[in-house]
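Trainee: Quick one, fold the following:
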Amino acid sequence: MAQAYYKVFDENVEVHGQPMQTFVECITKESVSPVLKELGVETIDVEHWYPQQLWLDIFNELRDRKLVIGTFVDIGMRTIELTRYPEEVKSIPFKDFMLHGADRTHQHNHRGGDAGEYTLRLEADNHIVVDARVPYPDDFVYGCYYQLTMQFRPEGVGFYLEYDKELPKREDGGEFTRIHIKLDSPAT
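Mentor: Down below sits the predicted model:
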């Protein structure tokens, strides 16, 4: 068993099978499949709820096996592609979705206790700051927000993301991981 780098905040938390399905369908499937099999999870039921620690154990195994170069970012991006969105967030403008719908979607796919949280704020018309206090790998979170921005940004608007250079990430002992999302033009 891998070292536990990633641990739940609350042992009662469960995660919905839909985002976990990314481990079956993600870009790096050939790396993830043997890990799933060893942990006794060969099939993910998209309607089932699983212990959050199981998902974190998969991340732990991937990290322990040094399969994380690009993998966590890829899994984060694929997770967003498959995520269930509450109906009310599907049609709201990008800025409103990011500021209000992103954490709602996270909570919608978790239940049973403290699953962590995302706090977002508008720093400028084209700059959103994400503070992620979640037990997931930083690169997974980065991949999630990259894909969220890609999917929900105004059409034709370029963007980039970067980790905050002044604060330590959670994996480096920080209380949360800060990510900056910067758009080429103001968010609407």
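Trainee: right, and Leu122 touches His100 too?
Mentor: No. Applying Cβ atoms under 8 Å, one finds Leu122 not in contact with His100, separated by 11.1 Å. Placement of C-beta: from N, CA and C, glycine included.
Trainee: right, and the helix or strand after the helix or strand of the chain with the lowest mean pLDDT?
Mentor: When each helix and strand of the chain is scored by mean pLDDT, DSSP states H and E, helix 22-25 comes last, with a mean of 68. Downstream of helix 22-25, the first helix or strand assigned by DSSP states H and E is helix 29-38.
Trainee: what about that following helix, average pLDDT?
Mentor: Mean pLDDT, helix 29-38: 78.
Trainee: Which positions in that helix come out as buried?
Mentor: With burial defined by 16 or more other Cβ atoms under 10 Å, the residues of helix 29-38 counted as buried are 31-32, 35-36.
Trainee: again with stretch 174-188
Mentor: For stretch 174-188, by 16+ other Cβ under 10 Å, it's 174, 176-183, 187.
Trainee: Closest to Gln147 out of those residues?
Mentor: Using Cβ to Cβ, Ile181 comes nearest to Gln147 of the buried residues of stretch 174-188, at 11.7 Å.
Trainee: residues touching Leu167, list them.
Mentor: By Cβ atoms under 8 Å, 6 or more residues apart in numbering, the contact set of Leu167 is 174, 178.
Trainee: what are the phi and psi angles of it?
Mentor: Phi and psi for Leu167, reported as degrees, to the nearest 10, are phi -110, psi 140.
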